[in-house]
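A.B. asks: pasting the structure only:
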């Protein structure tokens, strides 16, 4: 990440390692990337095939997100 999220009031970062059916990888990553809290999405190899990074104001805000 090129920014310091805490300097902008975002203190909760989560790294989501998801196992998505290969046929659903593109639509799932696209849908998740459209959320304003999402800062990064990438297809990866291994047990999980999708990495998503989200940044929220605090942990309560992180829990409220769909």
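C.D. replies: Cool, got the structure. Please read all numbers here as calculations on a predicted model, not as lab measurements. Residues are numbered from 1 along each chain as shown.
A.B. asks: from now on I want contacts and neighbour counts done on CA atoms only, so please keep to that.
C.D. replies: Will do.
A.B. asks: which SS state does residue 47 fall under?
C.D. replies: Classification of residue 47 using DSSP: H, G, I helix; E, B strand; the rest coil returns coil.
A.B. asks: and it, its phi and psi?
C.D. replies: Main-chain torsions, residue 47, degrees, to the nearest 10: phi -60, psi -40.
A.B. asks: just for the protein, where's the confidence low?
C.D. replies: By pLDDT under 70, the low-scoring segments of the chain are 1-3, 65-66.
A.B. asks: what are the contacting residues of the longest helix that it contains?
C.D. replies: Longest helix of the chain, by residue count under DSSP state H: helix 25-33. Outside helix 25-33, the residues within contact range by C-alpha atoms under 8 Å, 6 or more residues apart in numbering are 20, 38, 39, 40, 41, 42, 43, 50, 52.
A.B. asks: tell me the two of the residues you listed that are most distant?
C.D. replies: Spatial extent of these (C-alpha to C-alpha) is set by the pair 20 and 39 at 19.0 Å.
A.B. asks: if I look at residue 34, how far off is residue 4?
C.D. replies: 21 Å (C-alpha to C-alpha, to the nearest Å).
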